[in-house]
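> Kindly generate the corresponding structure for this input.
(one chain, ligands or ions: 2)
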Amino acid sequence: MRHFLNLFAQESEFLAEILQTAKLMKSPGLPKPYETLRNRIIALIFEKPSLRTRVSFEAAVTHLGGRSLFISGNEVGLGTRESICDFARTMSQYVDGLVMRVFKQHTVEETSKFATIPVINGLSDLSHPCQVMGDFLTIQELFGDIKGKSIVFVGDGNNVSRSLAVGCAKLGLEFTLVCPEGYGFDATFAKQYQEMFERPIPPELRNPDSALPRADIIYTDVWTSMGQEAEQEHRLKAFRSYQVNDSLLKKAPKHVQIFHCLPAHREEEITHTCFEKFADTIFQQAGNRLHAQKAILHCLFAKK
Ligand code: CP
Ligand code: NVA
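Ligands and ions are numbered 1, 2, ... in the order given. Next up, the predicted model:
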């Protein structure tokens with residue numbers, strides 16, 4: 001049985017299989033619908049708010065013939081009202097899979113140790129693996145192939161950029177993080193990356209100018225992630241000159257695309273103008289959450 005908690009733990013071949021499956025599932029004229037989750041229940045346990053992840057997972061489960069069940073993290077009280085190991089063992093009696101959005105990566109890792117059903121990470125403080133599978137699917141659609149493409153992430157060394165960095169290394173894309181000092185990847189992550197890929201993590205840049213001329217994708221995300229609200233004022237100041245705007249866009253090739261995982265804070269990490277110029281791409285990216293997650297669910301459950 002497999003879990004989907006962190007891209008470090010996934011083999012490149014499995015990630016490629018997910019992308020291939022998503023492409024197939026999306027193609028028109030499928031001979032018959034996939035029914036991988038027929039008679040199966042997938043529970044979503046979310047400690048933080050969500051629009052895309054929740055709705056696209058619930059839709060994905062329905063498309064695959066299953067049923068979803070949403071429970072707010074407050075109700076469960078993971079690690080407070082109920083220990084994680086008791087939660088995991090209880091849920092394994094009732095449902096066939098778990099999608100979890102959590103404050104701490106540790107919560108999904110710990111759940112997976114005790115659950116007898118697949119556990120999927122729907123975002124934690126450290127990673128957002130389902131997001132980036134949708135992003136890679138979008139790159140595949142826009143560029144025909146993902147290999148060798150260059151993503152320049154302008155923003156925080158957060159859950160999304162970390163998963164992108166790992167996914168890029170696994171699937172053969174180039175990744176550059178452009179961020180203010182003190183907001184890059186931490187030493188533990190850099191060490192994990194070095195151990196896995198036997199090369200250092202690409203150096204972070206303070207200024208995007210050297211990376212932009214070869215960028216295929218400029219990617220941004222909020223400056224203050226969920227759970228960091230107390231740092232918001234400080235972060236607004238630190239990231240002020242790291243906005244995706246027209247002057248940055250001018251330094252990139254004509255074919256460049258702008259990605260945003262959403263939700264977006266216009267006039268903070270991205271201008272309204274830039275957002276709207278690339279709205280078709282950004283909502284294709286949002287739409288692909290559904291297709292990528294159907295493929296993740298299929299690849300986890302078809303072989304179970
Ligand atoms: N991108 C993303 O995960 O969106 P939600 O927080 O709305 O799920
Ligand atoms: N980095 C953002 C991503 C939201 C999808 C956050 O964690 O809030």
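> Number of residues surrounding the residue nearest to residue 260 when sequence neighbours are not counted?
Spatial nearest neighbour of residue 260, chain neighbours left out: residue 282 (5.1 Å); criterion: C-beta to C-beta, 6 or more residues apart in numbering. (Each C-beta comes from the backbone N, C-alpha and C, glycine too.) By other C-beta atoms under 10 Å, 21 other residues sit near residue 282.
> contacting residues around residue 282?
258, 259, 260, 262, 264, 275 (C-beta atoms under 8 Å, 6 or more residues apart in numbering).
> Quickly find the element holding it.
helix 279-301 (DSSP states H and E).
> which parts of the chain sit against ligand 1?
For the chain, the residues in contact with ligand 1 (C-beta under 6 Å from any ligand atom) are 50, 51, 52, 53, 123, 131, 261, 262, 263.
> Could you rerun that using 5 Å?
50, 51, 52, 53, 261, 262 (C-beta under 5 Å from any ligand atom).
> Can you flag which of the residues you listed belong to helices?
52, 53 (DSSP state H).
> ok, and the most crowded of the residues of the chain next to ligand 1?
residue 261 (26 neighbours).
> Would you confirm that it contacts residue 133?
No. Here residue 261 does not reach residue 133: they are 11.8 Å apart, not a contact under C-beta atoms under 8 Å.
> re earlier: would you list the residues of the chain next to ligand 1 in JSON lines and tack on distance to residue 171 and pLDDT?
Listed next are the residues of the chain next to ligand 1 as JSON lines, based on distance: C-beta to C-beta, whole Å; pLDDT from 0 to 100:
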{"residue": "50", "distance to residue 171": "25", "pLDDT": "98"}
{"residue": "51", "distance to residue 171": "27", "pLDDT": "98"}
{"residue": "52", "distance to residue 171": "22", "pLDDT": "98"}
{"residue": "53", "distance to residue 171": "21", "pLDDT": "98"}
{"residue": "261", "distance to residue 171": "17", "pLDDT": "98"}
{"residue": "262", "distance to residue 171": "22", "pLDDT": "98"}
